[in-house]
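Peer 1: Structure here, sequence nowhere to be found:
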DNA sequence: ATAGGGTTAG
């Protein structure tokens, strides 16, 4: 018997048409599939809807990369003719195209329509929840999977665990892991990753050592855990075991992961080693993604010139590479360089929103007000980019720093979205620089309405009161903080010496060379004072301890607290443990304070050292008595 | 009546 024919292709059965579409999907061959679709439409597909054909079309578009066409076919089929597989096909399509929000919306619609759900559907759901950190839908899906008896499916359990890990719920993930009767290597690596990221590298190591088998993913997670947290030696020895002991090669995913860990902890030693490895194994033609990771790593390790070097040697540069370079330059306050390079970028790649975030923030950090305004003005007109809240934040920052408060305020009022903490917080920062107490108070109230526990803006305003001579107000604000139990995040500075990271907190006496460090500190303060250094105690109402009886002790105590700030200790350690004249690279988790900033400038000339400090916002390169930020930070 | 969806971890 002959199968029924389709009017568009009298020689082909519907069954054969479906097979054709399916092979177009697998190829993938978008052109041929589209022609088939066109022929089907012109011959009146909609008049005699063959749902099997529609489903094949849906599958084809879902696999071949056109999301809108897949959606169109999907919604063209009546719900009564769609089953679990059809819904899941579209969900998978959203997942592949990194559109998790659409995926979840579809899942919710699916449940509303009463379509039954199976293991394949849930894998896409958990994937989307993980990407969005949407634990609500995730828990819902977990419930469904239990009800359907899918707790025995290793893949479902793995994605559930991954979802919990990505949402920060390690306990839930561990619970699933323990209930599993059978586990795959993926189950182990998901748990390992969760332990390293959410508990500690140490407890991750315990999992790593007890795993029944270890693949390159497991090794990478462990090495990245060590390097990202500053354990250079442990990380490096593990890389050695991985390559020479187990014979693994580092592929480009591993290389990128390692470089990003180095960028995070500032470990340029290992970063350089990875660079050499990449050159040796890949030759001159390093993968563009790895090259971009190298640019990012060097820039974040304070070696912006090395970053430029890698960047200029790249054969091809895309937007991502350009953005990495520009954001690196922005962090280092090289505003003029960015403006010089930008016309070159336009010839090689199309700038996107991230490009302009770097460009505008560089203008703001370098005080290039007119240039910043010019690019912001052209954002939509010339580059067809709708300004996002980040761009408004840069502009408010730019205008505020320059003391143009009215314009900044007008811009905030004109924004199509309500201002967030970043926008208001940066204006508050400018208020503190320019002593605009009244506006500062207003901003603080607004900020506290958004986030009552924002320590930083409390501190900013109290420092403003103190500098403005309003001691009573400063004290009462301090009281509010104390009563609410809000505490400052402790500042930590770290410095690498001989491949080992040394960490210091304020007043730290735990380092084995504490005696020598504090002797150097005494000497440094003496020399600083001779050069005319005056401790900026006025800004420090907040860092001191409890109430004090007498004013003179007070001042001395505050001074002592200033002297033993973590970055000063790190510098002293650097001075006594490295060769004369070699530069010092220091990382700080918070912003550098005003006093340390002015002290570092002098230290760089007294000891003839280049001092590079990466703080939470940007880099400061102190050289011969001045800083690359031109005191504009 | 038929076939068709996904590979989770760095």
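Peer 2: In hand now; what should we look at? No experiment lies behind these values; they were computed from the predicted model shown. Numbers count the residues shown, from 1 in each chain, chains lettered A, B, ... in the order given.
Peer 1: ok, residues contacting stretch A:521-537?
Peer 2: Stretch A:521-537 is contacted from outside by A:555, A:558-559, A:562-564, A:568-569, A:571-572, A:575, A:593-595, A:598-599, A:602-603, A:606, using C-beta atoms under 8 Å, 6 or more residues apart in numbering. The C-beta positions use only the backbone N, C-alpha and C, and glycine is treated the same way.
Peer 1: mind listing which of these are in helices?
Peer 2: Members of the contacts of stretch A:521-537 lying in helices (criterion: DSSP state H): A:555, A:558-559, A:562-563, A:568-569, A:571-572, A:575, A:594-595, A:598-599, A:602-603, A:606.
Peer 1: hang on, the earlier thing: just the buried ones out of the contacts of stretch A:521-537, please.
Peer 2: Those of those that meet the buried threshold are A:558-559, A:562-564, A:568-569, A:571-572, A:575, A:593-595, A:598-599, A:602-603, by 16 or more other C-beta atoms under 10 Å.
Peer 1: Residue A:508 and residue A:559: what is the separation?
Peer 2: Here residue A:508 is placed at a distance of 17 Å from residue A:559 (C-beta to C-beta, to the nearest Å).
Peer 1: so what's the residue in the stretch 451-600 of chain A positioned nearest to DNA strand B closest to, chain neighbours aside?
Peer 2: Relative to DNA strand B, the nearest point of the stretch 451-600 of chain A is residue A:501 (20.4 Å; C-beta to the nearest atom of the strand). Sequence neighbours aside, residue A:230 is the residue nearest to residue A:501 in space, at 3.8 Å (criterion: C-beta to C-beta, 6 or more residues apart in numbering).
Peer 1: same question, residue A:102
Peer 2: Using C-beta to C-beta, 6+ apart, the closest residue to residue A:102 is residue A:94 (4.5 Å).
Peer 1: surely that neighbour meets residue A:128?
Peer 2: Yes: the criterion here is C-beta atoms under 8 Å, and residue A:94 meets it with residue A:128 at 7.4 Å.
Peer 1: Name the residue in the two with the higher neighbour count.
Peer 2: Between residue A:94 and residue A:128, counted using other C-beta atoms under 10 Å, the more crowded position is residue A:128 (27 against 24).
Peer 1: who touches the host helix or strand of that one?
Peer 2: Here residue A:128, judged by DSSP states H and E, is contained in helix A:119-132. Outside of helix A:119-132, the residues within contact range by C-beta under 8 Å, 6+ apart are A:84, A:87-88, A:91-92, A:94-95, A:98, A:100-101, A:103-104, A:107, A:110, A:134-135, A:137-138, A:141, A:144-145, A:148, A:150, A:153, A:155-156, A:159-160, A:162-163, A:165-167.
Peer 1: Confirm residue A:409 sits in a helix?
Peer 2: Yes: per DSSP: H, G, I helix; E, B strand; the rest coil, residue A:409 lies within a helix segment.
Peer 1: how about the strands in chain A?
Peer 2: Assigned by DSSP state E, the strands in chain A fall at A:5-6, A:9-13, A:492-497, A:500-505, A:584-588, A:611-614, A:619-623, A:626-627.
Peer 1: low-confidence ranges in the stretch 201-350 of chain A?
Peer 2: By pLDDT under 70, the stretch 201-350 of chain A contains no weakly predicted segment.
Peer 1: closest point of the stretch 251-400 of chain A to DNA strand B, which residue?
Peer 2: For the stretch 251-400 of chain A, C-beta to the nearest atom of the strand, closest residue to DNA strand B: residue A:254, 3.8 Å.
Peer 1: Please report how far that residue lies from residue A:130.
Peer 2: Distance, residue A:254 to residue A:130, by C-beta to C-beta: 21 Å.
Peer 1: same deal with residue A:613?
Peer 2: Taking C-beta to C-beta, one finds residue A:613 at 36 Å from residue A:130.
Peer 1: now swap in residue A:199 and tell me
Peer 2: To residue A:130, residue A:199 is 18 Å away according to C-beta to C-beta.
Peer 1: ok, these two, which is more surrounded?
Peer 2: A count of neighbours by other C-beta under 10 Å puts residue A:130 above the other of residue A:199 and residue A:130, at 21 against 14.
Peer 1: In contact with the residue lying closest to the more buried one once chain neighbours are set aside, which residues?
Peer 2: Closest residue in space to residue A:130, ignoring its immediate chain neighbours: residue A:166 at 3.9 Å, by C-beta to C-beta, 6+ apart. Going by C-beta under 8 Å, 6+ apart, residue A:166 touches A:129-131, A:133.
Peer 1: Let me know how buried the closest residue to residue A:192 other than its chain neighbours is, in neighbour terms.
Peer 2: The shortest distance from residue A:192 to any non-neighbouring residue, by C-beta to C-beta, 6+ apart, is to residue A:207 (4.8 Å). Using other C-beta under 10 Å as the criterion, residue A:207 is surrounded by 21 other residues.
Peer 1: Pull the contacting residues for residue A:207.
Peer 2: Residue A:207 neighbours (C-beta under 8 Å, 6+ apart): A:188, A:191-192, A:195.
Peer 1: And for residue A:101?
Peer 2: A:128, A:132.
Peer 1: Which pLDDT does the model give it?
Peer 2: With respect to pLDDT, residue A:101 has a value of 94.
Peer 1: Check the gap between it and DNA strand B for me.
Peer 2: Distance check for residue A:101 against DNA strand B: by C-beta to the nearest atom of the strand, to the nearest Å, it reads 17 Å.
Peer 1: ok, that residue to residue A:131 distance?
Peer 2: The gap separating residue A:101 from residue A:131 is 9 Å, by C-beta to C-beta.
Peer 1: where does chain A have low pLDDT?
Peer 2: In chain A (pLDDT under 70), the answer is A:1-52, A:65, A:485-488, A:538-554, A:632-633.
Peer 1: spatially speaking, which residue is in the middle of it?
Peer 2: residue A:264 (9.7 Å; C-alpha atoms, centre = their mean).
Peer 1: how near is that one to residue A:614?
Peer 2: Distance from residue A:264 to residue A:614, by C-beta to C-beta: 11 Å.
Peer 1: joint contacts of those two?
Peer 2: residue A:300.
Peer 1: per-domain residue ranges of chain A.
Peer 2: As assigned by automatic domain parsing, chain A contains the domains A:420-487, A:493-627.
Peer 1: Relative to residue A:278, which of those is closest?
Peer 2: Ranking the domains of chain A by proximity to residue A:278 (C-beta to C-beta) places domain A:493-627 first, at 19.9 Å.
Peer 1: Now find how far off-centre stretch A:275-288 is within its chain.
Peer 2: 25 Å (C-alpha atoms, centre = their mean, to the nearest Å).
Peer 1: Next, the buried residues of it.
Peer 2: Applying 16+ other C-beta under 10 Å to stretch A:275-288 flags A:275, A:277-278, A:286, A:288 as buried.
Peer 1: where's residue A:430 relative to DNA strand B, distance?
Peer 2: 38 Å.
Peer 1: can you count the residues close to residue A:159?
Peer 2: A total of 25 residues lie near residue A:159 under the criterion other C-beta under 10 Å.
Peer 1: Could you check how far it is from residue A:106?
Peer 2: Distance check for residue A:159 against residue A:106: by C-beta to C-beta, it reads 17 Å.
Peer 1: Much appreciated, bye for now.
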